[in-house]
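K.L.:
predicted coordinates and the sequence they were generated for:
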Amino acid sequence: MSSGSRFPLVVSVVSSVLDYLFPFLGEREVGEIQQTKRPKPDYRRQKRALILKYGNPTYNLVLKEQNLNEEIIIFGKTRRIMIQGKLFSHSDILSCTYTDNQRILKGEATFVGKLDTRKMPSFRGFEGDTNLAAYFEGNNVSNKEIITHNYSVIIKLRDPLASVLKIPMGSNWEKVNELLEAIKFFISG
């Protein structure tokens, strides 16, 4: 068998192994995964047009990749801000704050302990197996509570038709704080 005839065999073996390991990925899903890795041409073209029109952004927060409707872009030189695909001027924004829809999840009472055989008591002079003795450390953890946060940034506008913009931010406080500082700097500016 020549080396040229082995190549299709290797490709078919690799293909069947991949089909076996990843049966849930059809051709359509593989194409979608490959497409999400590289920027969409429309997204790049739209972003480039914004930069040409309003200048380089002084701040850009991406909430969802490859989607201008899920970005917050501040153009400092032209005093414009784009929030969720809508463009506003400096004078359109009145204030910016945040809310926290906090939830407390109650836990169950538990007992956590460990067996430490290195701290065994000494039984010198006794006959028999002393490996049965051991030191047990434990502590009681009762009613542990887990606090979850769901932040939203609230932007008040001058426009009477759409007087408030609510931007869901999830549980990432750093992003919320960063956005608040950027918008407050933009308003004061």
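P.N.:
Ah, there it is.

K.L.:
tell me where the chain has helices.
P.N.:
Using DSSP state H, the helices found in the chain span residues 3-21, 27-37, 41-54, 173-188.

K.L.:
rank those by pLDDT, which is bottom?
P.N.:
Lowest mean pLDDT within the helices of the chain: helix 27-37, at a mean of 53.

K.L.:
so how many other residues sit close to K156?
P.N.:
14 (other CB atoms under 10 Å). Placement of C-beta: from N, CA and C, glycine included.

K.L.:
now it, which residues is it bridged with?
P.N.:
With DSSP bridges as the criterion, K156 is bridged to S95, V164.

K.L.:
that one against S163, yeah?
P.N.:
Yes - counting by CB atoms under 8 Å, S163 is a contact partner of K156 at 6.5 Å.

K.L.:
how close does G55 sit to L157?
P.N.:
Separation of G55 from L157 (CB to CB, to the nearest Å): 23 Å.

K.L.:
how about N69?
P.N.:
17 Å.

K.L.:
compare G55 and L157 and say which is more crowded by neighbours.
P.N.:
The neighbour count for G55 versus L157, taken as other CB under 10 Å, is higher for L157 (17 against 13).

K.L.:
mind pulling the model confidence for the more buried one?
P.N.:
L157 is assigned 92 on the pLDDT scale.

K.L.:
what of N140?
P.N.:
N140 carries a pLDDT value of 54.

K.L.:
cool, and the one 10 residues further on?
P.N.:
If you check N150, the pLDDT there is 93.

K.L.:
so what's the nearest residue to it once chain neighbours are set aside up against?
P.N.:
What sits nearest to N150 in space, not counting adjacent residues and going by CB to CB, 6 or more residues apart in numbering, is N101, at 4.3 Å. Taking CB atoms under 8 Å, 6 or more residues apart in numbering as the criterion, N101 is in contact with H149, N150, Y151, S152.
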